[in-house]
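Colleague: Turn this into a structure:
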Amino acid sequence: MKTNIPSGLTLYTFAMSHYSEKIRWTLDHCHIPYREVCMTPVFHMLPALRMGKRGQTTLPILHTPSKAIQNSPRILDWLIDNYGPLDVLPSPNRQAVREVEQRFDAIGKDVARFLYANSFGKADEHILRLWTDHASPGQATFLRVAYPFVRWAFRRKLSITPKRAELALQRITREINWLDTQLADGRLYLINNRFSAADITAAALLAPIACPAQHPVYGDPQFAASMVDAIKPWRDRKALQWVRQMYDLHRGEFTGGAFSPQSTRLRA
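Modeller: Numbers count the residues shown, from 1 in each chain. Below is the predicted model:
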């Protein structure tokens, strides 16, 4: 690892974001110090636009001493340049690792669309609690009052319709089938028999469906109970068992502070 490395990293995330978990897990596994700030939906938009400077409101954003990087693949690129070599992105197999990363990143919106399609109207109290868990009192009050409108806006933004939800299900199933095929030979890791960003990305992006116990949101028994019918077709598949195994073996402490037992609920 390089010696001349920047310090003072802040990772801006959504608690529920699988892309945020991908970067959070990478930083934790590589022992790169950072501070995590979980942002509140709706109230994240202006800060994300200001920091990212890309006309996008997406998270995660990694704020460094010199710049802010928005979008998880771009964050990994920056980490390679500034903290490399990283054991989860080994040079000899980096292209293969990044190809798996791209494959699972591509279903990120499908996973979110599928989850909200199956939880809006069924688990609204739980969603509202997750959305307000890191909010200020004023933000929480606004979201509780405006929740029906915010839910409608989320439906529009994610194009949550029966047709798009069915398409999301098909795309997710395709990648679960692919992962089952890769694991059929008994391998533990996806690339070159070693834990890498390929495994982190696949496990993080499928965590909302696999519900690993170590995840701060998707390991919540209340969440798992709310999704039991929706994820039934996949629950016992080899791929989802593997996701839980990756969390068991490699998802250590959440060192950014937002989900530590001593957390004071860091806010922007």
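Colleague: Would you map the helices across the stretch 101-250 of the chain?
Modeller: 108-119, 124-132, 137-157, 162-183, 197-210, 221-226, 238-250 (DSSP state H, counting those that start in this stretch).
Colleague: So for residue 96, which of the ones you listed sits nearest?
Modeller: Proximity to residue 96, assessed across the helices of the stretch 101-250 of the chain by Cβ to Cβ, is greatest for helix 197-210 (7.3 Å). Every C-beta, even on glycine, is put in place using the N, C-alpha and C of the backbone.
Colleague: what about dumping the CA coordinates of that closest one to PDB?
Modeller: What follows is helix 197-210 as a C-alpha-only set of coordinates in PDB (Å, rounded to 0.1, in the frame of the first residue of the first chain):
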ATOM      1  CA  ALA A 197     -14.100  -6.700  -5.100                       C
ATOM      2  CA  ALA A 198     -15.900  -9.100  -7.300                       C
ATOM      3  CA  ASP A 199     -17.200 -11.000  -4.300                       C
ATOM      4  CA  ILE A 200     -17.800  -7.800  -2.400                       C
ATOM      5  CA  THR A 201     -19.900  -6.300  -5.200                       C
ATOM      6  CA  ALA A 202     -21.900  -9.500  -5.900                       C
ATOM      7  CA  ALA A 203     -22.600 -10.000  -2.200                       C
ATOM      8  CA  ALA A 204     -23.400  -6.300  -1.500                       C
ATOM      9  CA  LEU A 205     -25.700  -5.900  -4.500                       C
ATOM     10  CA  LEU A 206     -27.600  -9.100  -3.600                       C
ATOM     11  CA  ALA A 207     -27.700  -8.400   0.200                       C
ATOM     12  CA  PRO A 208     -31.200  -6.900   0.100                       C
ATOM     13  CA  ILE A 209     -32.500 -10.300  -1.300                       C
ATOM     14  CA  ALA A 210     -30.200 -12.600   0.700                       C
END
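Colleague: Going by neighbour count, which residues in that helix are buried?
Modeller: By 16 or more other Cβ atoms under 10 Å, the buried positions in helix 197-210 come out as 197-210.
Colleague: quick one, which of the helices of the stretch 101-250 of the chain is packed in tightest?
Modeller: helix 197-210 (a mean of 27; mean count of other Cβ atoms under 10 Å).
Colleague: How about the contacts made by residue 129?
Modeller: By Cβ atoms under 8 Å, 6 or more residues apart in numbering, no residues touch residue 129.
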